[in-house]
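**Q** Starting from these lines, generate the structure:
(one chain, ligands or ions: 3)
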Amino acid sequence: MSNVEPAMKQTGSPGWDGAPPKIHLQTFGCQMNEYDSELVTTILKRKGCEFAASEDDAEVFLFNTCAIRETAHNRIYARLDALKTIKRKRPGLVVGVLGCMAPNLKEELLLRFPAVDFICGPDSYREVPALIQRSRTLHDRGTEVELSEYETYEDILPTRVEGVNGWIAIMRGCDNFCTFCVVPYTRGRERSRDPKGVVQETKQLVSLGYKQVTLLGQNVNSYRHEGSDFADLMKAVGQVPGIERVRFTSPHPMDFPTKLLGVIAENPTLCSQIHLPLQSGNDRILKKMNRNYRKDEFLDLVSSIRETIPGVSLSTDIICGFPTETEEEYEDTVDVVNQVRFDSAYIFKYSERKGTVAKKLWADDVSEEAKSRRVTDLVRRQKEISLENHRSQIGSVQRVLIEGTSRKDDREWRSRSEANTIVVFADPEARVGDFRQVKIVGATPNTLLAELT
Ligand code: SAH
Ligand code: SF4
Ligand code: F3S
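**A** Ligands and ions are numbered 1, 2, ... in the order given. Next up is the predicted model:
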């Protein structure tokens, strides 16, 4: 897809009525939203805005929202409800809802939450300053939720804070239309960014001291820009001087780019770690989900990945209780988990989403009790597997990247292995962002414990 912008709408805000407002921005949802919040920060900083860490110091609250499951909705709804009281005490406060809820719910949000002054979808962030200005001066509730086929914010460098891992969106939107998923409706059509911009952002991150980047796309298999595909992009990013680790998420098990496997195997900066969302292990359910692969094809793909990248770490996403899923069909998912032995898995209860094909065609008919039981049993099984995988690493020496202090004990570091597993160890000399060689001495389902070699 070409990324030439047809006269992109530019924000019409001529400047502020008085001093630029102070902003408090809170992000919900996935890494894509984290990245977008960094773009919104740049857009507002260019207009002179400062950012407040605390709500007490801010004149504008922005919520970058997620719509993926009911649990995400509930968290944000509770927050928006609570604003009613705050707004009564601070009548000048402006509240904006950004992100995936905006295109999905539109006016519903304004109706339900009187405290919300404007909503702005993921392709309209250039309009945020104008929307704020409009609320402040005209007391008008603005709605910018159109989705674009072109917007990639190519000219906007995200505002980074110091860190270890930087997210980079390499594409936006999704054209896969898995029947359970709201993302194609909240983020619109798929479009890829120019690899030059992605490489430039990687260089920016290196210059700020970042050691790792994670490339983000809803389905990286279909990344295309002129002659370049995703494997070419990974190679180019991995060759940026100073970058130590490159990760990505997510590929789709259908039409998985096998060329990528060779590129990962040959380039040491590209981590031997792949997140490969399974969703279900049953052919009938996979078909109903519009996933376009069968159980045996998924298992064959895992074998070929492991052949090309020995020792590769695999993680996955699974949905339990998709409409009409029977116990036997759920057992097929358990069987894939047992056969593949993922290093980790995110396991979700099916959650009916507005606008999706699944909601239109099928009743959400698996009982809450069955969904919960399936999730709990599968989480328990995955924990056993993760623990066994982790125990088998005891005695090995691994290179880890320090991310911060351990949650349990601030004299210990929380770091990541190449497989992306959390490794906890002590080293009084080390700092965040350092690499160390450590020997694994203990294991839990979620962490490895280590000693400095
Ligand atoms: N593009 C990514 C998915 C992003 S959403 C991919 O295809 O890998 C992250 C995960 O949320 C999905 O993999 C899926 O497991 C889960 N998910 C999405 N919609 C859901 C729904 N309606 N109910 C429960 N889980 C859902
Ligand atoms: Fe949703 Fe499927 Fe697209 Fe992932 S690939 S974002 S699950 S529609
Ligand atoms: Fe991400 Fe949630 Fe949107 S998972 S893409 S923020 S719906």
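**Q** what's near enough to touch the nearest residue to residue 313 once chain neighbours are set aside?
**A** Of all residues not flanking residue 313 in the chain, residue 419 sits nearest, at 3.4 Å (C-beta to C-beta, 6 or more residues apart in numbering). Any C-beta I mention is one placed from the backbone N, CA and C, and that applies to glycine too. Residue 419 sits next to 271, 272, 273, 313, 343 when contact means C-beta atoms under 8 Å, 6 or more residues apart in numbering.
**Q** Turn the residues you listed into CSV, including distance to residue 453 and neighbour count.
**A** Compiled in CSV, the contacts of residue 419 are given as follows (distance: C-beta to C-beta, whole Å; neighbours: other C-beta atoms under 10 Å):
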residue, distance to residue 453, neighbour count
271, 21, 24
272, 20, 17
273, 22, 22
313, 21, 19
343, 23, 19
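**Q** now the helices for the stretch 1-150 of the chain?
**A** Counting by DSSP state H, counting those that start in this stretch, the stretch 1-150 of the chain has helices at residues 31-45, 70-89, 101-105, 107-112, 128-137.
**Q** Adding secondary structure, pLDDT and distance to ligand 1 as columns, could you present the contacts of residue 419 in JSON lines?
**A** Output for the contacts of residue 419, formatted as JSON lines (DSSP: H, G, I helix; E, B strand; the rest coil; pLDDT from 0 to 100; distance: C-beta to the nearest ligand atom, whole Å):
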{"residue": "271", "secondary structure": "coil", "pLDDT": "98", "distance to ligand 1": "17"}
{"residue": "272", "secondary structure": "coil", "pLDDT": "98", "distance to ligand 1": "19"}
{"residue": "273", "secondary structure": "strand", "pLDDT": "98", "distance to ligand 1": "15"}
{"residue": "313", "secondary structure": "strand", "pLDDT": "98", "distance to ligand 1": "16"}
{"residue": "343", "secondary structure": "coil", "pLDDT": "97", "distance to ligand 1": "16"}
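**Q** of all the residues you listed, which two lie farthest apart?
**A** 271 and 343 (12.4 Å; C-beta to C-beta).
**Q** Could you identify the helix or strand that succeeds the host helix or strand of residue 247?
**A** Per DSSP states H and E, residue 247 falls inside strand 245-249. Next along the chain after strand 245-249, taking DSSP H and E as the criterion, comes helix 258-266.
**Q** other SSEs contacting that next one?
**A** helix 230-238, helix 295-308 (3 or more C-beta pairs under 8 Å, 6 or more residues apart in numbering; DSSP states H and E).
**Q** following it, which helix or strand comes up?
**A** Following helix 258-266 toward the C-terminus (DSSP H and E): strand 273-275.
**Q** following that next one, which helix or strand shows up next?
**A** Tracing the chain C-terminally past strand 273-275 and defining elements by DSSP H and E, one meets helix 283-288 next.
**Q** got the CA coordinates for that following helix in CSV?
**A** C-alpha atoms of helix 283-288 as CSV (Å, rounded to 0.1, in the frame of the first residue of the first chain):
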residue,chain,number,x,y,z
ASP,A,283,-10.2,-26.9,13.5
ARG,A,284,-13.9,-26.1,13.6
ILE,A,285,-13.4,-23.2,16.1
LEU,A,286,-10.4,-21.9,14.1
LYS,A,287,-12.5,-21.8,11.0
LYS,A,288,-15.3,-20.0,12.8
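**Q** Now do it: which elements does it pack against?
**A** So helix 283-288, by 3+ C-beta pairs under 8 Å, 6+ apart, packs with helix 327-340.
**Q** so what does the helix it packs on touch, helix or strand wise?
**A** Against helix 327-340 (3+ C-beta pairs under 8 Å, 6+ apart) you get helix 283-288, helix 295-308, strand 313-320, helix 368-391.
**Q** What residues does the nearest residue to residue 383 once chain neighbours are set aside make contact with?
**A** Nearest residue to residue 383 in three dimensions, chain neighbours excluded: residue 445, at 4.2 Å (C-beta to C-beta, 6+ apart). Residue 445 makes contact with 383, 384, 386, 387, 390, according to C-beta under 8 Å, 6+ apart.
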